[in-house]
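Asker: I'll drop the sequence and a predicted model, then ask my questions.
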Amino acid sequence: MKKYDFIIAGGGMAGLSLAYYLTQSTLRDRSILILDRDTKDRNDRTWCFWEPNAGPFESIVFRKWDQVSFHGTTHAKPLDMGGYQYKMLRGIDFYDFIQKELAKHPTVERKQATINRIKETPQGGFVIADDEPYIADYVFDSTFALKLDQPENHNLLQHFKGWVISTEKACFDPKMPEIMDFRVEQHGDCRFLYVLPFDEKTALVEFTLFNDKLLTDSEYEADLRQYIDQFLDTGSYQIAETEYGVIPMSDESTQENPTEHIIRIGTSGGFTKPSTGYTFQRTQRYLQGIVTNLAETGKPNRTQSWFKGRFKLYDSIFLNVLEKHRYPADDMFTRLYTDNRPAKVFKFLDEDTRLTEELRIFWNMPWGPFTVAFFDVLRRKMFG
Ligand SMILES: Cc1cc2nc3c(=O)[nH]c(=O)nc-3n(C[C@H](O)[C@H](O)[C@H](O)COP(=O)(O)OP(=O)(O)OC[C@H]3O[C@@H](n4cnc5c(N)ncnc54)[C@H](O)[C@@H]3O)c2cc1C
């Protein structure tokens, strides 16, 4: 059996990004096998993220904006991104771009197969896919299904359904996406819409919830329809595409390196920011770190300063406030985005702020509920 240097189990966002970074590094001649059951030839999702500069996928960014709009409970205003840009990348453009890039490297193989098993062995990471065995020095696994059920943790879900609509009337401002619009009934949860315009007559309109109960299709659709009818002057409209997704919002620790030869990446590796669900940009950062370490030390582990661990605590406190309904989520986001400079908020969510900047953000948040949540998080972590 041929031994690969690296097997990438799951060639989705994280797996393909990793393969791309490997081929752009000094490790470009290593043998890589990418296994995925899917062909990745559909636009199965759209990623949004922010960054201050041109990123590695700049050439395929579908839309980018210097300003975004926010509709909170007491303020509705454009937010100046302050040096960041809000970017939108279509799944299909990403898959095509990386697949074309990987095709230039004869040491990269792709196989369409369903992975049945991933196992540690003394010789390396071992994978069975469509009953065929494969082995590698390292297996990067983005297929692991998270089991998020420990009661001391917070396990919410971010779930959403969206439509790309084509409208009769020119009703969208292509320069101004709406990143959060809370003008919908909250039902005690956190519920909002976002609108990402492609042009004056086309946009992705998505209904998003943070809670622990998925809705039925018709429930998502009823809210989408009501929002479009009430707030967007579309005239008649057609649904061109549909998007549905569920992202874990959890502070449960995932085992990123469960064994010596297996490394979990992407959602499976816990790369999702628990308090926001944003995963794309964090995955890029983490994978770049892994590839740098691998090239420099031969080990794929990600190095993290212990002081950065404070962001995990902030995420847990935020999830606790949401889960326990300690403060209305729409008011909380309104305070976050309107009482702070938006660029500071984006920097904070990227975990790039200094402690003094974080304290200034906390100063603008409701102290009582956050203090109660802080002690509840401590109690849960200590006593379960
Ligand atoms: C609809 C949607 C929209 C999203 N939008 C955003 C966004 O705007 N911004 C953001 O930051 N995050 C977003 N996310 C969250 C996150 O960025 C994506 O889920 C992202 O694709 C996660 O990357 P991943 O590689 O971990 O998983 P995936 O991209 O899902 O890749 C996993 C791959 O593993 C393959 N696979 C799984 N099991 C097997 C098996 N047994 N055998 C073979 N292959 C297997 C799958 O086919 C898939 O290709 C979104 C998620 C969804 C679902």
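Answerer: All right, it came through fine.
Asker: number of residues surrounding residue 288?
Answerer: 17 (other CB atoms under 10 Å). In this view, the C-beta of every residue, glycine as well, is placed from N, C-alpha and C.
Asker: could you report the distance from it to residue 96?
Answerer: To residue 96, residue 288 is 21 Å away according to CB to CB, to the nearest Å.
Asker: neighbouring contacts of stretch 42-55?
Answerer: Residues outside stretch 42-55 that contact it (CB atoms under 8 Å, 6 or more residues apart in numbering): 13, 61-62, 81, 83-92, 94, 196, 204, 241, 243, 245, 278, 280-281, 284, 346, 350.
Asker: can you narrow these to ones near the ligand?
Answerer: 13, 243, 245, 278, 280 (CB under 6 Å from any ligand atom).
Asker: which residues of the stretch 201-350 of the chain lie near the ligand?
Answerer: Residues of the stretch 201-350 of the chain lying close to the ligand by CB under 6 Å from any ligand atom are 243, 245, 247, 266-268, 278-280.
Asker: selection in ChimeraX covering whichever of those residues are buried, please.
Answerer: A single ChimeraX command selects the buried members of those (16 or more other CB atoms under 10 Å):
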select :243,247,266,267,268,278,279,280
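Asker: mind listing which of the residues of the stretch 201-350 of the chain next to the ligand are in strands?
Answerer: Counting by DSSP state E, those place 243, 245, 247 in strands.
Asker: which intervals of the stretch 251-384 of the chain have sub-threshold pLDDT?
Answerer: 384 (pLDDT under 70).
Asker: all strands for it, in order.
Answerer: Ranges of strands within the stretch 251-384 of the chain are 262-264, based on DSSP state E, counting those that start in this stretch.
Asker: so which residues of it form helices?
Answerer: 280-297, 310-323, 329-338, 342-349, 355-363, 367-383 (DSSP state H, counting those that start in this stretch).
Asker: residue 183 is nearest to which of those helices?
Answerer: Set against residue 183 and scored by CB to CB, the helices of the stretch 251-384 of the chain come closest in helix 329-338, at 9.0 Å.
Asker: tilt between the closest one and helix 355-363?
Answerer: If you take axes from the mean of the first three to the mean of the last three CA atoms, to 10 degrees, helix 329-338 sits at 140 degrees to helix 355-363.
Asker: so where's the stretch 51-200 of the chain uncertain?
Answerer: Ranges of the stretch 51-200 of the chain meeting pLDDT under 70: 148.
Asker: what's the nearest residue to the residue of the stretch 151-300 of the chain found nearest the ligand if we skip its chain neighbours?
Answerer: Residue nearest to the ligand within the stretch 151-300 of the chain: residue 266 (2.3 Å; CB to the nearest ligand atom). Distances taken as CB to CB, 6 or more residues apart in numbering place residue 14 nearest to residue 266, at 2.8 Å, with adjacent residues excluded.
Asker: for that neighbour, helix, strand, or coil?
Answerer: What DSSP: H, G, I helix; E, B strand; the rest coil gives for residue 14 is helix.
Asker: that one contacts residue 270, correct?
Answerer: No: using CB atoms under 8 Å, residue 14 makes no contact with residue 270, being 11.4 Å away.
Asker: can you verify residue 119 is assigned to a strand?
Answerer: Yes: counting by three-state DSSP, residue 119 is found in a strand.
Asker: show me what from the stretch 51-200 of the chain comes close to the ligand.
Answerer: 114-115, 142-143.
Asker: most neighbours, which of the residues you listed?
Answerer: Going by other CB under 10 Å, residue 142 tops these with 25 neighbours.
Asker: domains of this structure?
Answerer: The record's domain parsing of the chain by automatic domain parsing lists 3-148+252-297, 155-249, 306-383.
Asker: greatest separation within the residues of the stretch 201-350 of the chain next to the ligand: which pair is it?
Answerer: It's 243 and 268 that sit farthest apart of those, by CB to CB, at 20.9 Å.
Asker: quick one, helices of the stretch 1-150 of the chain?
Answerer: Going by DSSP H, counting those that start in this stretch, the stretch 1-150 of the chain shows helices at 13-23, 91-103.
Asker: can you say which of the ones you listed is packed in most?
Answerer: helix 13-23 (a mean of 25; mean count of other CB atoms under 10 Å).
Asker: how far does that helix sit from its chain's centre?
Answerer: Distance of helix 13-23 from the chain centroid (CA atoms, centre = their mean, to the nearest Å) equals 16 Å.
Asker: what number of residues lie near residue 64?
Answerer: There are 16 residues near residue 64, going by other CB under 10 Å.
Asker: for it, what are its contacts?
Answerer: Residue 64 makes contacts with 85-88, as judged by CB under 8 Å, 6+ apart.
Asker: mind running it again at 10 Å?
Answerer: Residues counted as contacts of residue 64 (CB atoms under 10 Å, 6 or more residues apart in numbering) are 50-51, 54, 58, 81, 85-89, 177.
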